[in-house]
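Engineer: Here is the input, now give the coordinates:
(2 chains)
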2 protein chains.
Amino acid sequence: MLNFELYNPTNLIFGKGQTEKLGQLVPKNSKILLAYGGGSIFKNGVYDQVKAALEGFEIVEFGGIEPNPRYETLMKAVTVIREQKLDFILAVGGGSVIDGVKFISAAVHFDGNPMEILHKRLLIKENAMPFGTVLTLPATGSEMNSGAVITINETQEKLSFGGSALFPKFSICDPTVIASLPKRQLQNGVVDAFTHVMEQYLTYPHDALLQDRIAEGILQTLVEIGPDVVENPTDYKLAANFMWSCTMALNGLIQKGVPTDWATHMIGHELTALYEIDHARTLAIIGPNLYRVLFETKKEKLAQYGERIWKVTGETVEEKATQAIEKTVQFFHTMGMDTKISNYTLDYQKTADFIVDRFQERGWKAMGERQNITLEKVREIVEMSY
Amino acid sequence: MLNFELYNPTNLIFGKGQTEKLGQLVPKNSKILLAYGGGSIFKNGVYDQVKAALEGFEIVEFGGIEPNPRYETLMKAVTVIREQKLDFILAVGGGSVIDGVKFISAAVHFDGNPMEILHKRLLIKENAMPFGTVLTLPATGSEMNSGAVITINETQEKLSFGGSALFPKFSICDPTVIASLPKRQLQNGVVDAFTHVMEQYLTYPHDALLQDRIAEGILQTLVEIGPDVVENPTDYKLAANFMWSCTMALNGLIQKGVPTDWATHMIGHELTALYEIDHARTLAIIGPNLYRVLFETKKEKLAQYGERIWKVTGETVEEKATQAIEKTVQFFHTMGMDTKISNYTLDYQKTADFIVDRFQERGWKAMGERQNITLEKVREIVEMSY
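Structural biologist: The predicted structure follows:
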């Protein structure tokens, strides 16, 4: 087991009707920026619940944070906060809104050009504006971690950053919100959470036994409830297990003490930046092909995953590992994912060139848990995904 | 899934050599009470590591916190802190020292008679003195939770209390410390952690699927490494998995959203108070008999536990549940536990009377996840344990 530090001070408030507690969670006399996305909170009743719970607080609203939140949009919110001297941010939305609010939180008091936070991938350990969240779309785990991914419109870059000052003070997770979500978003959420676990689990065999068991527990739960929850989002049992699995997949716990990969995300982010393919769908495209290209160094863990999650049997590690990849692709198809780039854009022929060039520009040479996913391997993975 | 709140701000620092970081973790210019137990930290090198890491800090030492820490002893530490105007406490020890320090932390600024904290089971939400821990004995999870159990010598009562102000600010968990522990303490640690999970898991079937999977992951890991770690405590792989399982068993995570029992602990505490039987051993005595007496209402979960952890097979729920209990007893025997009260004291004949009387005095009528463990059932469980 690798040495690790586990620190997660977010107060997570989970369950039916918990939004009512908002008024006790926001610090007294706060002047709040209420940040949200495209306006679904007006249709699903969450906006009304939030406003009712915050009666008496001074609130300035800032809507329009887009999926894959844009630096340019978020800087407008920073200006609003500075001009109106606000001192608390409430993110009401999914991972994009929460990620966006993390950037706003870091940028408001940042001494310098806030774009440096992204380009230099600065660790934000202090001077962040406090914020809380009301989660409306389970998927990214952003409600209980300190990381975020922001897109710069001008350069079409999707970049990540974070730091211990960027944990939400609180997050309200009411599983009933998923009842009104479009099927596509629910499918995305399941696959997103599933791949988050895989990035932290599907590496090589190590001696952190309990971490593997917990990761497998999340995968198993997602496999068990994923296909049903998208059909029956009003079923509270399914909704609650879905929401809790998404949070647990990326609240930091399962990565403690183990090697992690994250190359599927790094490549996937570029597909979103280039073609606006939904984040989760880029993961469903890249993940299985990454396992194929890295088969030799991932096959032991693939076999363990196959046996424990998919109950595959076989004579050899290779057989079991191969079946495990096929089961994963089938699962993604069951979850409504197209798993080829050409399903999303006709203009895909130069995708590998674009991505490899961009990684080269950033000085990236290799990635993955063994740092053996070279740019040549990246090219192979992307071309296999056409 | 039941509604829940998850809040755990302890900064857990896990791994080999982490004690070196102590100097950066304790707030600058702190005047520290260094609290410890019977002096094993002088033999295993931890005292020297701690002192080296805290060079430059003002330190007052307070040793002699006993297993099942005594109110009377802890109040002496409170006096030392008040007289010498100390402002930080460092617990160096196992669960008893850490539990003791939680009481000291709560009592120092308490307005009134600190015994009320125990008798009224007060929730300590503020005004606690900050403290950190260096864990030397994995078992209780006290290093990452906000609860404690204290014994009042005068009345032979063992009482629990806690509150959100009683999370350690940090806890250093270095698995190499277990190399020098007596076998008996390692055995106790495994059974203690195992029973902690059972209290939060072995209730009735519910729809919190992921919580069950995580609980089962901890049980599985303890079953896998328990018998080996007591024989090979210098094996880092075993030690690390043992230590991490103990923390995860009682850091609050697996109890979120599910019913919990805790009656094994409530009865077990009395056996320790009456006969000074090691805490873990009281759990090994009571647990299986509690499952037998409550068989009808616990059998479904017993069967699930039996199938998933012990791979029992059988025609009926009853068969599988019965085998699950037997497997548990066998496991406790493998871990060196005697599982009858008469193995520990010859003077056991009135134990059930004592315990039932004491529960009655406190006004307790029933316990357990269904509140169906009446005092009559308690009597039956204890008598079955003679």
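
Engineer: all contacts plus neighbour counts: C-alpha atoms, from now on.
Structural biologist: Will do.

Engineer: Output stretch A:202-220 in PDB with nothing but the alpha carbons.
Structural biologist: The C-alpha coordinates for stretch A:202-220 follow below in PDB (Å, rounded to 0.1, in the frame of the first residue of the first chain):
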ATOM      1  CA  LEU A 202      -7.800  -1.000 -13.300                       C
ATOM      2  CA  THR A 203      -4.000  -0.700 -13.000                       C
ATOM      3  CA  TYR A 204      -1.900  -3.600 -11.800                       C
ATOM      4  CA  PRO A 205      -2.300  -6.000  -8.900                       C
ATOM      5  CA  HIS A 206      -1.100  -4.400  -5.600                       C
ATOM      6  CA  ASP A 207      -1.500  -5.200  -1.900                       C
ATOM      7  CA  ALA A 208      -4.100  -2.700  -1.000                       C
ATOM      8  CA  LEU A 209      -6.800  -5.300  -0.600                       C
ATOM      9  CA  LEU A 210      -9.500  -3.200   1.000                       C
ATOM     10  CA  GLN A 211      -9.300  -0.500  -1.600                       C
ATOM     11  CA  ASP A 212      -9.900  -3.100  -4.300                       C
ATOM     12  CA  ARG A 213     -12.900  -4.400  -2.500                       C
ATOM     13  CA  ILE A 214     -14.500  -1.000  -2.100                       C
ATOM     14  CA  ALA A 215     -13.800  -0.100  -5.700                       C
ATOM     15  CA  GLU A 216     -15.400  -3.400  -6.800                       C
ATOM     16  CA  GLY A 217     -18.300  -2.700  -4.500                       C
ATOM     17  CA  ILE A 218     -19.000   0.500  -6.400                       C
ATOM     18  CA  LEU A 219     -18.600  -1.200  -9.800                       C
ATOM     19  CA  GLN A 220     -20.900  -4.000  -8.700                       C
END
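
Engineer: Is it in proximity to chain B?
Structural biologist: Yes - Stretch A:202-220 is in contact with chain B by CA under 8 Å from any CA of the partner chain, via A:207, A:208, A:209, A:210, A:213, A:214, A:217, A:218.

Engineer: quick one: buried residues of that stretch?
Structural biologist: Buried residues in stretch A:202-220, defined by neighbour count with 16 or more other CA atoms under 10 Å in any protein chain shown: A:202-205, A:207-220.

Engineer: circling back: now, the residues of stretch A:202-220 next to chain B that are in strands?
Structural biologist: Here DSSP state E is the test, and the residues of stretch A:202-220 next to chain B give no hits in strands at all.

Engineer: domain ranges for chain A?
Structural biologist: Taking automatic domain parsing as the reference, chain A has its domains at A:11-176, A:182-384.

Engineer: ranges for the helices of the stretch 101-250 of chain A?
Structural biologist: Remark: helices assigned in the stretch 101-250 of chain A by DSSP state H, counting those that start in this stretch are A:115-119, A:183-201, A:209-231, A:236-249.

Engineer: looking at the ones you listed, which is closest to residue B:114?
Structural biologist: helix A:236-249 (38.2 Å; CA to CA).

Engineer: element containing residue A:13?
Structural biologist: Following DSSP states H and E, one finds residue A:13 within strand A:4-14.

Engineer: what's the angle between that strand and strand B:4-14?
Structural biologist: Computed by axes from the mean of the first three to the mean of the last three CA atoms, to 10 degrees, the angle separating strand A:4-14 from strand B:4-14 equals 180 degrees.

Engineer: so strand A:4-14 versus helix A:236-249, what angle?
Structural biologist: Interaxial angle of strand A:4-14 relative to helix A:236-249 (the same axes, to 10 degrees): 150 degrees.

Engineer: From chain B, how far out is the residue nearest the centre of chain A?
Structural biologist: For chain A, residue A:140 is the residue whose C-alpha lies nearest the centre (CA atoms, centre = their mean; 2.9 Å). In this view, residue A:140 and chain B are 17 Å apart by CA to the nearest CA, to the nearest Å.

Engineer: residue contacts, the nearest residue to that residue once chain neighbours are set aside?
Structural biologist: Using CA to CA, 6 or more residues apart in numbering or on different chains and skipping the chain neighbours, the partner closest in space to residue A:140 is residue A:95 (5.4 Å). By CA atoms under 8 Å, 6 or more residues apart in numbering or on different chains, residue A:95 lies in contact with A:137, A:138, A:139, A:140, A:141, A:142, A:143.

Engineer: and which of the residues you listed is nearest to residue A:350?
Structural biologist: Nearest to residue A:350 among the contacts of residue A:95: residue A:140, at 29.0 Å, using CA to CA.

Engineer: per-residue pLDDT, the closest one?
Structural biologist: Residue A:140 carries a pLDDT value of 90.

Engineer: Please apply the same query to residue A:156.
Structural biologist: For residue A:156, pLDDT reads 80.

Engineer: Surely it and residue A:273 touch.
Structural biologist: Yes - in this structure residue A:156 lies within contact range of residue A:273 using CA atoms under 8 Å: 5.6 Å.
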